[in-house]
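Participant: Turn this into a structure:
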Amino acid sequence: MRRYRSVMGWAPFGLILLTACLPQLPDNTTAPPPERSVVSQAEGVTFWSEPGMSDALWAEIARPDGTGSVGGYLSTTPASRNSLIILLHGASTFDVDGRTGAARRFHDNPGRFYREAGFVTFSLDFRECGTPYGQGDLEDLVQVIDWLDAGGKQVLGVERVYTLGYSVGGTSVILANRQRRVTAAASIGGVTHSAEYQNSWLAFSLAGLLYPDNQGLCQLRETMAAYGPPGSPGWSLFDTVAQIHELTSPMIVVQGTEDQIYSIRNAQLLQAAYQEAISSGATLPPLEFLLLPGQDHFAPIASPKVVQAIIAFFDRFGG
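Facilitator: Here you go, the predicted structure:
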């Protein structure tokens with residue numbers, strides 16, 4: 001049986017110091033949505049205008065079970081490629097407007113770099129506080145992919161669909177890659193094995209308790225509570241390293257070697273598992289790894305080197 005460390009590693013220790021030194025983080029769990037006006041409708045989707053958004057519409061896709069919708073910022077700038085990138089932001093910890101603000105910020109940066117390269121972008125406002133990692137947030141991403149495959153690509157005028165996520169969003173991209181096929185995927189600073197959460201369970205639980213009305217840390221707290229203490233079976237959901245044969249799509253995994261939130265071992269362990277599987281004769285989609293010496297959890301988000309590597313990787317699959 002695997003043993004999990006009872007002594008906190010540097011990453012969770014640093015997180016506790018960070019929360020102790022930070023001013024009060026925004027209470028953003030009840031941040032009101034922006035005022036929007038309906039522009040048009042199509043099969044399964046409604047488009048809205050939003051004040052201050054000159055390069056995007058709010059696109060809202062109805063959930064098939066009738067429990068509401070999942071929305072995000074769909075770019076409206078001219079695109080030279082018939083390709084859509086679904087963007088998934090990291091936790092909305094620092095956004096006063098909560099997850100909607102995080103989606104808007106991710107649309108602006110790094111989204112603009114991919115639009116400048118000719119892609120359409122859809123910055124997803126996925127569920128956060130109120131659902132643990134790997135549940136409502138993952139369901140929202142999967143739902144959008146399903147809608148696109150069922151006719152949404154024709155509605156938007158695209159042929160290829162890519163996913164790109166950072167941190168929590170990067171983890172969702174990895175998990176979705178085990179459930180749905182897309183043209184290619186990119187994960188920046190995502191989690192690939194359950195020990196990442198289990199080794200830091202106490203620290204992450206305490207961090208969530210410090211800011212109960214903050215969406216990002218609220219979801220972190222709910223994740224620790226939902227899957228249980230270290231060793232609980234539910235954590236196996238995040239073991240992509242152990243379930244690497246479930247991957248369906250080409251994927252590039254990006255991480256800084258000095259990542260202080262999620263250990264670089266996330267990328268290293270997945271890379272080792274991939275190389276071992278390929279050496280054993282397994283048939284897997286192409287995986288590529290970009291490990292960035294000296295970079296932390298935040299630096300790779302809009303790094304020109306990372307943007308160029310992801311675009312080059314995407315271009316290998318679908319043009």
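
Participant: low pLDDT regions in the stretch 201-319 of the chain?
Facilitator: Scanning the stretch 201-319 of the chain for pLDDT under 70 picks out the ranges 319.

Participant: What ranges does it have for its strands?
Facilitator: Assigned by DSSP state E, counting those that start in this stretch, the stretch 201-319 of the chain shows strands spanning 251-256, 287-292.

Participant: In the protein, which helix is the longest?
Facilitator: Longest helix in the chain by number of residues, with DSSP state H as the criterion: helix 265-279.

Participant: In that helix, which of the residues would be classed as buried?
Facilitator: Within helix 265-279, the residues that qualify as buried are 265-271, 273-274, 277, counting by 16 or more other CB atoms under 10 Å. All C-beta atoms are positioned from the backbone trio N, CA, C, and that covers glycine.

Participant: Next: stretch 76-85.
Facilitator: Applying a neighbour-count criterion of 16+ other CB under 10 Å, one finds 79, 81-85 buried in stretch 76-85.

Participant: ditto for stretch 229-240
Facilitator: Going through stretch 229-240 with 16+ other CB under 10 Å, the ones that come out buried are 230, 235, 237-238, 240.

Participant: Just the C-alpha atoms of that stretch, please, in CSV.
Facilitator: Output in CSV follows, covering the C-alpha atoms of stretch 229-240 (Å, rounded to 0.1, in the frame of the first residue of the first chain):
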residue,chain,number,x,y,z
PRO,A,229,-8.1,11.9,3.7
PRO,A,230,-5.0,10.5,2.0
GLY,A,231,-5.5,6.9,1.0
SER,A,232,-9.2,7.3,0.2
PRO,A,233,-10.1,5.5,-3.1
GLY,A,234,-11.7,8.5,-4.7
TRP,A,235,-8.3,10.1,-5.3
SER,A,236,-7.6,7.5,-8.1
LEU,A,237,-9.6,9.8,-10.4
PHE,A,238,-6.5,12.0,-10.7
ASP,A,239,-4.0,9.2,-11.4
THR,A,240,-3.5,9.8,-15.1
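
Participant: residues making contact with that stretch?
Facilitator: Here stretch 229-240 makes contact (CB atoms under 8 Å, 6 or more residues apart in numbering) with 1-2, 4, 133-134, 171, 174-175, 178, 191-194, 196-199, 201, 226-228, 242, 246-247, 270.

Participant: which stretches of the stretch 1-150 of the chain form strands?
Facilitator: 37-42, 45-49, 56-62, 69-75, 83-88, 120-125.

Participant: got the ones you listed as JSON lines, with mean pLDDT and distance to residue 101 columns?
Facilitator: Compiled in JSON lines, these are given as follows (pLDDT from 0 to 100; distance: least, CB to CB, whole Å):
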{"stretch": "strand 37-42", "mean pLDDT": "96", "distance to residue 101": "20"}
{"stretch": "strand 45-49", "mean pLDDT": "97", "distance to residue 101": "16"}
{"stretch": "strand 56-62", "mean pLDDT": "97", "distance to residue 101": "13"}
{"stretch": "strand 69-75", "mean pLDDT": "97", "distance to residue 101": "11"}
{"stretch": "strand 83-88", "mean pLDDT": "98", "distance to residue 101": "14"}
{"stretch": "strand 120-125", "mean pLDDT": "98", "distance to residue 101": "9"}
